[in-house]
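Chemist: what's the 3D shape of this:
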Amino acid sequence: MLVGDEDFAEEVLSTRADPELKRRLLAVSRIAREVVRGLGIAVEDLKGPRRTETLALGRGMCAYLGRELAGISLAATGRHLGRERSTISRDVRRLEERVPKDRRVEAALRRVRQNLLK
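Modeler: Next up is the predicted model:
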């Protein structure tokens, strides 16, 4: 059993845990922090009411990586970000369509994924 806050647990797991355990323990909050860091936006904006292209991209990345790396449902990501599941699903679909066409988006997604798996 590990006692401490999320940052402490992440620090311990990053040095001691096997990669599969780290993946299963990813939380939407950690994924969101890495996405906003990678895109240069604020978590508050990601959760806020604005619907800019960059924010929709960030929300889509959170949901996509959450589902891919940790099996987090789109509904759970939507709850964390203050969005309906259908909105998150649309953001993920748009991300999936954009990645093959936009090298910058593909590179940003790859960097965030790598940072989450460190």
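Chemist: can you give me the helices in the protein?
Modeler: 6-16, 19-24, 28-39, 43-47, 53-70, 74-81, 85-98, 103-116 (DSSP state H).
Chemist: mean confidence score for the first one?
Modeler: Mean pLDDT, helix 6-16: 59.
Chemist: what do you get for the shortest one?
Modeler: Mean pLDDT, computed over helix 43-47, is 95.
Chemist: in that helix, what counts as buried?
Modeler: 46, 47 (16 or more other CB atoms under 10 Å). C-beta: built from backbone N, CA, C; applies to glycine.
Chemist: send the alpha carbons of it over as CSV?
Modeler: Only the C-alpha atoms of helix 43-47 are listed here, as CSV (Å, rounded to 0.1, in the frame of the first residue of the first chain):
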residue,chain,number,x,y,z
VAL,A,43,-6.1,23.4,-16.9
GLU,A,44,-8.7,25.9,-16.0
ASP,A,45,-9.2,26.7,-19.7
LEU,A,46,-9.5,23.0,-20.5
LYS,A,47,-12.3,22.7,-18.0
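Chemist: so which elements touch that helix?
Modeler: Applying 3 or more CB pairs under 8 Å, 6 or more residues apart in numbering; DSSP states H and E, one finds that helix 43-47 contacts helix 28-39, helix 53-70, helix 74-81.
Chemist: let's see 7 Å
Modeler: helix 28-39, helix 53-70 (3 or more CB pairs under 7 Å, 6 or more residues apart in numbering; DSSP states H and E).
Chemist: next: the fifth one.
Modeler: Helices and strands touching helix 53-70, as assessed by 3+ CB pairs under 7 Å, 6+ apart, comprise helix 19-24, helix 28-39, helix 43-47, helix 74-81, helix 85-98, helix 103-116.
Chemist: go ahead and name everything in contact with the shortest one.
Modeler: Identification of contacts with helix 43-47 by CB atoms under 7 Å, 6 or more residues apart in numbering yields 32, 33, 36, 55, 58, 59, 81, 82.
Chemist: go with 8 Å
Modeler: 32, 33, 35, 36, 55, 58, 59, 62, 80, 81, 82 (CB atoms under 8 Å, 6 or more residues apart in numbering).
Chemist: before we move on, what about the last one?
Modeler: Residues lying outside helix 103-116 but in contact with it, judged by CB under 8 Å, 6+ apart, are 26, 30-31, 34-35, 37-39, 57, 61, 64-65, 68-69, 95, 98-100.
Chemist: brilliant, that's me finished.
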